[in-house]
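*Asks:* kindly return the folded structure for what I paste below:
(2 chains)
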2 protein chains.
Amino acid sequence: MTIVSPDVDVSGLEAAVGADRVLRDPDSLARYSHDDAEWAPWETPLAVVLARTTEEVAATVRWAAASGVRVVPRGAGTGLSGAANAVADSVVLSLELMDAVLEVDVDERYAVVQPGVVNDALRATVARHGLWYPPDPASSAISTIGGNVATNAGGICCVKYGVTRDYVLGMTVVLADGSVVELGRRTAKGVAGYDLVGLMVGSEGTLGVVTSVTLKLLPLAGRDERAVIGYFPSLVAAGDAVAAVSRAGIVPAALEIVDRTCLRAVDEWMHLGLPDDVDTLLLARVDERGAAGDELAAHVADIFAAAGGTDVERATDPVEIDRLFQARRLAYPALERLGPVLTEDVCVPRGAVPEMLRRIQATAAAHDVTIANIAHAGDGNLHPLIIAPEGDAAAKDRAEAAFSAIVDDCLALGGTVTGEHGVGLLKLPGLRQELGQRVLDLHRSVKDALDPAGTLNPGKAF
Amino acid sequence: MTIVSPDVDVSGLEAAVGADRVLRDPDSLARYSHDDAEWAPWETPLAVVLARTTEEVAATVRWAAASGVRVVPRGAGTGLSGAANAVADSVVLSLELMDAVLEVDVDERYAVVQPGVVNDALRATVARHGLWYPPDPASSAISTIGGNVATNAGGICCVKYGVTRDYVLGMTVVLADGSVVELGRRTAKGVAGYDLVGLMVGSEGTLGVVTSVTLKLLPLAGRDERAVIGYFPSLVAAGDAVAAVSRAGIVPAALEIVDRTCLRAVDEWMHLGLPDDVDTLLLARVDERGAAGDELAAHVADIFAAAGGTDVERATDPVEIDRLFQARRLAYPALERLGPVLTEDVCVPRGAVPEMLRRIQATAAAHDVTIANIAHAGDGNLHPLIIAPEGDAAAKDRAEAAFSAIVDDCLALGGTVTGEHGVGLLKLPGLRQELGQRVLDLHRSVKDALDPAGTLNPGKAF
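*Replies:* Numbering: from 1, shown residues only, chains lettered A, B, ... in the order given. Alright, predicted model coming up:
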């Protein structure tokens, strides 16, 4: 047993939670040292705790608070902003083994789950009870509910159905002093006290460690899904179609952009036989029931065509819908094959989507970088994906300059620096620009009130 | 000019905001000394400020902070929990004159409004732009958006469309030191920093004074309203029908109970010719489009009939829907004619509605008080209305004992002490039971972080 840091004796941690809960081998320390935001800085943690119970989480936090060690909570490590990257003198507290769905209440339509439950696994479990958990981040097959809660994750259907925070009714939280509290409620409504549940959601583990979550669910039935897709001659033309859908008073269940770079990458990988001459794909889903839904899908198709869309197709069969959305689903992994991807997450007013896309293209040209675009366009939430060839330091510098330029443009257009991925470490400079000093001071005062010693994930989120 | 309190020289306030903004005559002080919760304690304020601008609000708070005076923000004073009741050494800061709709953005679907805008006035204004602001507290004709935000107000359509917090994107807030900050965003999504907007909503003016609000809106079109009503032989039978609707996976746009006492009071007042032999009225609204909505309304009607409902009627004509909902709309004012009403606001799991109604009836009998019931039954949010004859001190004591018994029963059934009216002063004892000491400590630490001197509405909300 080697002591990783000469200053901290981790044996106390092993005594507190059991030696079998603590990983200290170099491979594990490396594996848990950062999330999927490799562009953000990280340190090697002193140890990794694989907690199985709320009590083990509390014991870890108590030991850390007493030892002057930091705690970095972590779900599946699929975050894209560095919120789960280890900091100096920290232990990484993984919740991945706490993966049980504790309760599904069909009549009240809620589930109580541990934080390590994978989003898709929750979705599958509640579907067996005729229920639906809407938030669907692209990472749903691999990301955990705890991570979704920590980042207030969004997703494709959020344009109509809202984000993670809209579904969190209550939670069990281990506070910075190791005490355990229940926050929130299980009733449909409630205004008892401050919204501490909402405060915890999206706080990236800086205010408490969530060890169970009560999630509101919707009935699974009652929606008839239909897809509408169209190809557009340019990103900006697709952006215009997005703005036209919004202006028509339509709230689609999904409205996604996949640009030429993504389409090419997917086609080269999967040989889908996508048309050669197309530039940008726009995908919509509407889910109103019956004839009204059919009419709405037809209306969306008409808007696509009027905005210059070609090969406009509609589908109602689930397999066919899935095929139409395939390019969207495969875009990110297809791009990752081309090199390290620096993922942007700006969100602008819907009407500013065409202008923001125009500026992103100008930024790519100005900085000589490849930028692919996928976007939750109906929310104005864009994911420019900046690709830098492996091992090319100059390209990496150019990518980072482009990243900053995109943040600046987003703020100039009245947007926010992060739509759904969170601040973590990557968006700290942008956040400072967006919020200003007095609002940052407010964040600091809330953080100091709940975690005066700075035990929980310091330096993240604000 | 008489100095109300010998210890505080209010002339500094007059200098800060202008003497014409400050009311000090006894009639005004009396009129602004409490909201609609006359059962809660109040003091006579030192003065009333009728602010017209953010700067006047800030000047009031700065003067108060420097003078050791408390600030009690107030909208229209229609609150039912005493959150706007004046405390010792306070000025009441009325936002009622700040009643402008500053901006309606049709494409982005948001409005920026001052806090004194009346809910129905906002609704009418945005409707002219084809937009809809869903939260519809029963007080919508008289309550302000600022008050709705301070209490996180609910309403009738919230069972499907959510509460005030779900529609607040951003706000301008005067903090306890008189500084002014912008919180939140105007984009559809955003996770930049802690959810301080959500924290402010429902905080009853204890963390800041909101001087403008950016509200998310929905398209006005796209819904086809239909009403379904039925009469039930007992409150509990109607409660069973509510539970059956929920179990069928139906999310109605309204699901309201009006009991026999309310029906009688409305009929005696308005001579609607309601049937003599009916006990409880259950009203539903569904708003899915087209044939799917018709089918859903038929399904609800079938459930009503199967649960023992009689005279089940459906309506699609807006005038007819309005007529069917008339008894619900008039219930509260009709009851107020019978004597001072102590309004309860418990919220229980939907499935516990029949049992909670059973216990409320038992409480009425045990304490020899009249309790009428209206309820947002689809949310499990019940409003037992306890009526005590004017000037009968013993009856008032019995009413207060019944109030406490209802709170106890609600908590025993897994409910929360306030579904939508807020804690104010009336629900402080119940809140302490519900949250426990450690969570109350958390509230205190948040309050101390944002308002260390306790300037803003001390003693309220938690």
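
*Asks:* contacting residues around the helix or strand hosting residue A:331?
*Replies:* According to DSSP states H and E, residue A:331 maps onto helix A:326-336. The contact list for helix A:326-336 (Cβ atoms under 8 Å, 6 or more residues apart in numbering or on different chains) reads A:138, A:156, A:256, A:258, A:261-263, A:265-266, A:268-270, A:272, A:274, A:281, A:283, A:341, A:372, A:374, A:385, A:387. C-beta coordinates here come from the backbone N, C-alpha and C atoms, glycine included.

*Asks:* now do stretch A:401-416
*Replies:* By Cβ under 8 Å, 6+ apart, the surrounding residues in contact with stretch A:401-416 are A:342, A:344, A:346-349, A:352, A:355-356, A:359-360, A:363-364, A:366-367, A:369, A:371, A:380, A:384, A:386, A:417, A:426-427, A:429-430, A:433-434, B:185-187, B:189-192.

*Asks:* let's go with 7 Å and repeat that
*Replies:* Here stretch A:401-416 makes contact (Cβ atoms under 7 Å, 6 or more residues apart in numbering or on different chains) with A:342, A:344, A:346-349, A:352, A:355-356, A:359-360, A:363-364, A:367, A:369, A:371, A:384, A:386, A:417, A:430, A:433-434, B:185-187, B:190, B:192.

*Asks:* which of those fall within strands?
*Replies:* Taking DSSP state E as the definition of strands, the contacts of stretch A:401-416 contribute A:342, A:371, A:384, A:386.

*Asks:* run the chain-centre distance for the biggest helix by length in chain A.
*Replies:* Scanning chain A for the helix with the most residues, using DSSP state H, yields helix A:393-412. The chain centroid and the centroid of helix A:393-412 are separated by 20 Å, computed with Cα atoms, centre = their mean, to the nearest Å.

*Asks:* please save the CA atoms from that helix in CSV.
*Replies:* Taking Å, rounded to 0.1, in the frame of the first residue of the first chain, the C-alpha atoms of helix A:393-412 are listed here in CSV:
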residue,chain,number,x,y,z
ALA,A,393,-0.5,21.5,-30.3
ALA,A,394,-1.0,24.4,-32.7
ALA,A,395,-4.4,23.0,-33.7
LYS,A,396,-5.3,22.6,-30.1
ASP,A,397,-4.5,26.3,-29.5
ARG,A,398,-6.6,27.3,-32.5
ALA,A,399,-9.5,25.1,-31.2
GLU,A,400,-9.4,26.8,-27.8
ALA,A,401,-9.3,30.2,-29.5
ALA,A,402,-12.4,29.2,-31.5
PHE,A,403,-14.1,28.0,-28.3
SER,A,404,-13.6,31.4,-26.7
ALA,A,405,-14.8,33.2,-29.9
ILE,A,406,-18.0,31.2,-29.9
VAL,A,407,-18.7,32.0,-26.2
ASP,A,408,-18.2,35.7,-27.0
ASP,A,409,-20.6,35.6,-29.9
CYS,A,410,-23.2,33.7,-27.9
LEU,A,411,-23.1,36.3,-25.2
ALA,A,412,-23.3,39.1,-27.8
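
*Asks:* identify each buried residue in it, please.
*Replies:* For helix A:393-412, burial by neighbour count (16 or more other Cβ atoms under 10 Å in any protein chain shown) applies to A:395-396, A:398-403, A:405-407, A:409-411.

*Asks:* so what's the residue count around residue A:29?
*Replies:* Residues lying near residue A:29 (other Cβ atoms under 10 Å in any protein chain shown) number 19.

*Asks:* ugh, typo on my part, it should be residue A:228
*Replies:* Number of residues near residue A:228 (other Cβ under 10 Å) recorded here: 29.

*Asks:* pLDDT (mean, whole number) over the helix or strand containing it?
*Replies:* Taking DSSP H and E as the definition, residue A:228 sits inside strand A:226-232. Taken as a whole, strand A:226-232 carries a mean pLDDT of 96.

*Asks:* mind listing residues that contact that strand?
*Replies:* Contacts of strand A:226-232 (Cβ under 7 Å, 6+ apart): A:238, A:241, A:275, A:278-286, A:293, A:297, A:300-301, A:304, A:308-316, A:321, A:324-325.

*Asks:* noted, bye for now.
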